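Peer 1: Fold the stuff below for me.
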Amino acid sequence: MVLDLMLIGLAIALDPLPVMAFVLVVTSARGARKGLVFILAWLACLVAVIAIVLLVTGGRPPAPRSPPGVAALTVKSAIGLGLVVYGLRRRRRMRRARSDAAGGGDARTTFTGTGGTGGTGGTGGTGTLRGLDAAGEPSTATASAVESPSMWGAAALAVLLQPWGLVAAGAVTVIEANTSHPATFAALFGFCLLASAGLLAAELYIVFSPEVAQVRLHGLRAWLLRHKEQAIVIGSLVLGLWLTAQNIYLLTG
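Peer 2: A predicted model of the protein is given here:
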């Protein structure tokens with residue numbers, strides 16, 4: 001359970017879409033306060049999902065070969081397979097866009113042709129649920145909210161841009177948690193901390209060195225904008241293959 005949670009937390013932390021949005025939030029007027037609201041809402045989503053799972057399971061993992069245990073492994077396998085399919089589709093569209101760009105076409109027309117599957121949505125969720133258009137870019141309403149968010153807007157963005165596909169994978173993993181062991185709470189805390197590490201680092205940077213942070217965070221966002229497709233594809237495929245292979249092995253072993 002611990003290894004799976006850490007890998008999922010790392011994938012959430014490396015999802016470029018929330019980081020790109022958070023940079024705009026935290027570098028806006030009163031950005032440090034809005035960034036804190038964003039992080040609190042982000043963490044609240046993770047904690048709420050974990051709490052719901054623990055309430056349902058009573059903090060006791062299902063027996064390995066019991067119907068609930070088999071169902072949990074099956075769901076994780078399905079999520080992993082969905083991530084793989086999503087990553088392959090994004091990769092195919094990315095290559096098609098490059099081909100069109102090389103031929104003098106507009107790369108964006110390629111991306112608006114099809115929507116992604118319910119994978120990571122930038123490794124985590126469908127575009128519609130995350131305020132994205134078919135190209136994986138922020139929709140008009142989302143973009144305007146990111147550029148000048150209110151405090152409530154910052155909280156809403158944290159919920160909207162949560163990589164729900166990965167959060168679902170984490171939720172299914174938490175089914176294995178045994179709350180009778182103190183180490184379980186350490187693992188759950190570590191998962192939440194790791195999943196929020198990038199946001200926390202940017203928030204601390206803007207608090208303690210605002211002028212330098214403004215420049216460097218915008219530079220980071222520009223870099224992510226150029227490389228987000230590669231990050232989404234790699235993250236989807238790596239985590240998806242891991243979850244699929246591991247859980248199929250456990251189901252058949």
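
Peer 1: What are the phi and psi values at residue 184?
Peer 2: phi -60, psi -40 (degrees, to the nearest 10).

Peer 1: Now do the phi/psi pair for residue 58.
Peer 2: phi 70, psi 20.

Peer 1: Compute the distance between residue 172 and residue 80, please.
Peer 2: 10 Å (C-beta to C-beta, to the nearest Å). For glycine as for every other residue, the C-beta is placed from the backbone atoms N, C-alpha and C.

Peer 1: just residue 12 next, same as before
Peer 2: 15 Å.

Peer 1: more crowded one of these two?
Peer 2: residue 12 (30 against 23; other C-beta atoms under 10 Å).

Peer 1: could you say which helix or strand contains that one?
Peer 2: In the assignment (DSSP states H and E), residue 12 maps to helix 2-14.

Peer 1: Just the mean pLDDT for that helix, thanks.
Peer 2: Mean pLDDT, helix 2-14: 92.

Peer 1: Check which residues of that helix are buried.
Peer 2: Residues 2, 4, 5, 7, 8, 9, 10, 11, 12, 13, 14 are the ones in helix 2-14 that count as buried (16 or more other C-beta atoms under 10 Å).

Peer 1: Which strands or helices does whichever helix or strand comes after it pack on?
Peer 2: Downstream of helix 2-14, the first helix or strand assigned by DSSP H and E is helix 16-26. Other helices and strands packing on helix 16-26, by 3 or more C-beta pairs under 8 Å, 6 or more residues apart in numbering; DSSP states H and E, are helix 31-57, helix 140-147, helix 151-160, helix 197-208, helix 210-252.

Peer 1: Got phi/psi on the most centrally placed residue in the chain?
Peer 2: Nearest to the geometric centre of the chain sits residue 163, at 3.1 Å (C-alpha atoms, centre = their mean). For residue 163, the backbone dihedrals (degrees, to the nearest 10) come out as phi -70, psi 80.

Peer 1: Distance of it relative to residue 207?
Peer 2: Applying C-beta to C-beta to residue 163 and residue 207 gives a distance of 25 Å.

Peer 1: Quick one: end-to-end length of stretch 155-173, please.
Peer 2: Stretch 155-173 has an end-to-end distance of 26 Å (C-alpha to C-alpha, to the nearest Å).

Peer 1: Give the rounded mean pLDDT of it.
Peer 2: 92.

Peer 1: again with stretch 84-93
Peer 2: For stretch 84-93, the per-residue pLDDT averages 90.

Peer 1: ok, residue 26 - contacts?
Peer 2: 32, 34, 35, 38, 202, 203, 206, 217 (C-beta atoms under 8 Å, 6 or more residues apart in numbering).

Peer 1: still on that earlier bit, tabulate the buried residues of helix 2-14 in TSV, adding columns for distance to residue 153.
Peer 2: Below are the buried residues of helix 2-14 laid out as TSV (distance: C-beta to C-beta, whole Å):
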residue	distance to residue 153
2	35
4	33
5	30
7	31
8	27
9	26
10	28
11	26
12	22
13	23
14	25
